[in-house]
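S.K.: I'd like to go over a predicted model; first the sequence, then the structure.
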Amino acid sequence: MKITPTKLKDCYILEPTKFGDSRGYFMESFNEKTFNELTGMKTHFVQDNQSYSTRGVLRGLHAQGGQHAQAKLVRVLQGEVLDVAVDVRLGSSTFGEYVAVRLSAENNLQLFVPRGFLHGFVVLSETATFFYKCDNFYNKESECGINPLDPVLNIDWQIPVEEMLLSDKDKEAQSFAEFKVSQLERVTK
């Protein structure tokens, strides 16, 4: 497994080693021991989630706060997405910055999104099956988010706005300025 740091501390791109021949391929998509040794982190996943979406579906930007904060390891099983992680850790030198990585079934790349980050993705292919591991259980009461089209964050989702499909919850989510005032401390504890 190759692990590449991004410009955001503790946020990594993972590239599993793939072994192929005429029969197909094999790859170890994640190894906790290897990941923890290479990153110096102690991550243990407790929940797996999967979603299926069509082109233009934008899910995010979401996080859980406080004792329910989650780190995620995300990947695409079918199709292609643009995956985005936004650093909202208090005191971080990259606070308010984001990384965007194209994840697809073809490139097998994964993104590790640490606690204290918002996360979202948009589907670039006709359909996509998205899979992610979480290091903490889902807790509805600790959910928070920012409108993914927030002008302060100015994320290039690489798809025209008129082609995007957002949930009402994401359309009505607070702005980055509102988030900084109301929920930042809760997310980063």
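M.R.: Received, thanks. Residues are numbered from 1 along each chain as shown.
S.K.: Now for Ser142: which residues touch it?
M.R.: Residues near Ser142 by CB atoms under 8 Å, 6 or more residues apart in numbering: 64-69, 186. Just so you know, the C-beta spots here come from the backbone N, C-alpha and C atoms, and that holds for glycine as well.
S.K.: try 7 Å
M.R.: Counting by CB atoms under 7 Å, 6 or more residues apart in numbering, Ser142 touches 64-66, 68.
S.K.: State the distance from it to Pro5.
M.R.: Separation of Ser142 from Pro5 (CB to CB, to the nearest Å) stands at 28 Å.
S.K.: hang on, the earlier thing: restricted to strands, list the contacts of Ser142.
M.R.: Gln64 (DSSP state E).
S.K.: Determine which two of the contacts of Ser142 are furthest apart.
M.R.: Gln64 and Gly66 (7.8 Å; CB to CB).
S.K.: out of the two, which sits in the more crowded spot?
M.R.: Here Gln64 and Gly66 are set side by side on neighbour count (other CB atoms under 10 Å), and the busier one is Gln64, at 22 against 15.
S.K.: For the residue lying closest to the more buried one once chain neighbours are set aside, what are phi and psi?
M.R.: Excluding its sequence neighbours, the residue lying closest to Gln64 (CB to CB, 6 or more residues apart in numbering) is Ser142, at 4.5 Å. As for Ser142, its main-chain torsions (degrees, to the nearest 10) stand at phi -100, psi 0.
S.K.: in which helix or strand would I find Leu111?
M.R.: strand 110-113 (DSSP states H and E).
S.K.: Now that strand: average pLDDT?
M.R.: Throughout strand 110-113, pLDDT has a mean value of 98.
S.K.: next one: stretch 153-172
M.R.: 97.
S.K.: show me the residues around the residue lying closest to Ala71 once chain neighbours are set aside that make contact.
M.R.: Once flanking residues are discounted, Ala71 sits nearest to Asp135: 4.4 Å by CB to CB, 6+ apart. Contacts for Asp135 (CB under 7 Å, 6+ apart) come out as 43-46, 70-71.
S.K.: The same query, at a cut-off of 10 Å, please.
M.R.: Asp135 makes contacts with 41-47, 69-73, 114-115, as judged by CB atoms under 10 Å, 6 or more residues apart in numbering.
S.K.: Please report which of those residues has the highest neighbour count.
M.R.: Most surrounded of the contacts of Asp135: other CB under 10 Å gives Gln70, at 26 neighbours.
S.K.: That one against Leu118, yeah?
M.R.: No. Gln70 sits out of contact with Leu118 when judged by CB atoms under 10 Å, with a separation of 11.2 Å.
S.K.: overlap in contacts of those two?
M.R.: With CB under 10 Å, 6+ apart, Gln70 and Leu118 have common neighbours 62-63.
S.K.: What is the least confident helix or strand in the chain?
M.R.: Among the helices and strands of the chain, helix 184-188 carries the lowest confidence by mean pLDDT, DSSP states H and E, at a mean of 57.
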